[in-house]
Structures are given as structure tokens and as C-alpha cells.
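Engineer: Sharing a sequence plus its predicted fold:
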Amino acid sequence: MLVDVATRISDVLPLENLYYSAHIDPDGRFLYLANPKVGSTTILTVLYSLVLNDPSCMQWDTEEVHDGERSPLLSLTDFSKADRNHLLTSPDVFRFAFVRHPFSRLFSAYNNKIRQNERQKAGILRTLQYPVDNLAVEISF
């Protein structure tokens, strides 16, 4: 019986996140696991350019880059259980991800999602039971 490695990974990472974050070369040469706030848009843009052999991809805006329908890369959902296992375990597949120091990532997310994003800041203020009529209020932890 073939155990689905992706299902075992789901013990620590929801499958939806794994399927959304995994970007796979159509030829199965690499699997890139994207992390938010770690330059993933730039990395995907470069990978698209290489896979398509088309430097014009470097001009795509952020929404185009993250549009799964437009991506030349595949998702784990595009593969059978046996092929997913191969992609996740075979030494023939180059798997990589980029990470940031947790404190700089936290600071960047705070700036991007709380200080500069009024919609998300309003939601956080509601959760903290602060009034949302004054978005200039500072949030600190």
C-alpha cells in the first residue's frame, strides 16, 4: 500500500497550504515551496522566466505572478499519489525554499499587514476589542 507523503506532511502543515505553496517544474526537475514575505514573488517571476524561456515574465505584476491559472508551474494536486511521493522524496528532484530570520519576518509582516493595511488593521483592532473608528491608533505587543 502506497502511503501519500503529502498526507503525512499534513500533520504539521494543512494540505491546502502545501498545495498552494508548492510550485513544480512541469518536467519534475524541481519543487519550490514558497513562503510569504521571503521574496516569493520575485523568485516565482524568475522561475517562470526560466521555465517559459521568456524574460517578459519579469514584467508581470504581483497579481499576475500569483495567478495560479497563469502559472507555468504545476501544483501537487496536478499529480497522482505516486508522482507526489516521487516529487516529495526522490533524490532526483531538487526541492528548495527560502526563509527569513523570524524577527525580521515578523517586523515586515507587521509593517505590511498592520501599519500599512487599513482593512486588516481594522480587523485586528476589532479582535483586540479596540474601536475601529480611529485607524491611527498604534498597535503594540
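Structural biologist: Here it is on my side, so go on. A quick note: this is a predicted structure, and the numbers were derived from the prediction, not measured. Residues are numbered from 1 along each chain as shown.
Engineer: after the lowest-mean-pLDDT helix or strand in the chain, next one along is what?
Structural biologist: Of the helices and strands making up the chain, the lowest-confidence element is helix 5-9, at a mean of 66, by mean pLDDT, DSSP states H and E. Taking DSSP states H and E as the definition, the helix or strand that follows helix 5-9 towards the C-terminus is helix 15-21.
Engineer: Give me the helices and strands touching that following helix, please.
Structural biologist: helix 5-9 (3 or more CB pairs under 8 Å, 6 or more residues apart in numbering; DSSP states H and E). From N, CA and C alone the C-beta is placed, and that goes for glycine too.
Engineer: can you give me the helices for this protein?
Structural biologist: 5-9, 15-21, 40-52, 62-65, 81-89, 102-110, 118-127 (DSSP state H).
Engineer: Between those helices, which one is closest to Leu73.
Structural biologist: The stretch from these with the least distance to Leu73 (CB to CB) is helix 40-52; that distance is 6.5 Å.
Engineer: now the closest one: mean pLDDT?
Structural biologist: When pLDDT is averaged along helix 40-52, the result is 94.
Engineer: rewinding a little: closest one to Leu135 among the helices of the chain?
Structural biologist: Each of these was scored for nearness to Leu135 using CB to CB, and the closest is helix 118-127 (5.2 Å).
Engineer: what does that closest one contact?
Structural biologist: Judged by CB atoms under 8 Å, 6 or more residues apart in numbering, the contacts made with helix 118-127 from elsewhere in the structure are 113-115, 131-132, 135, 137, 139.
Engineer: Quick check: buried residues in it?
Structural biologist: If you call a residue buried by 16 or more other CB atoms under 10 Å, then helix 118-127 has these buried ones: 121, 125.
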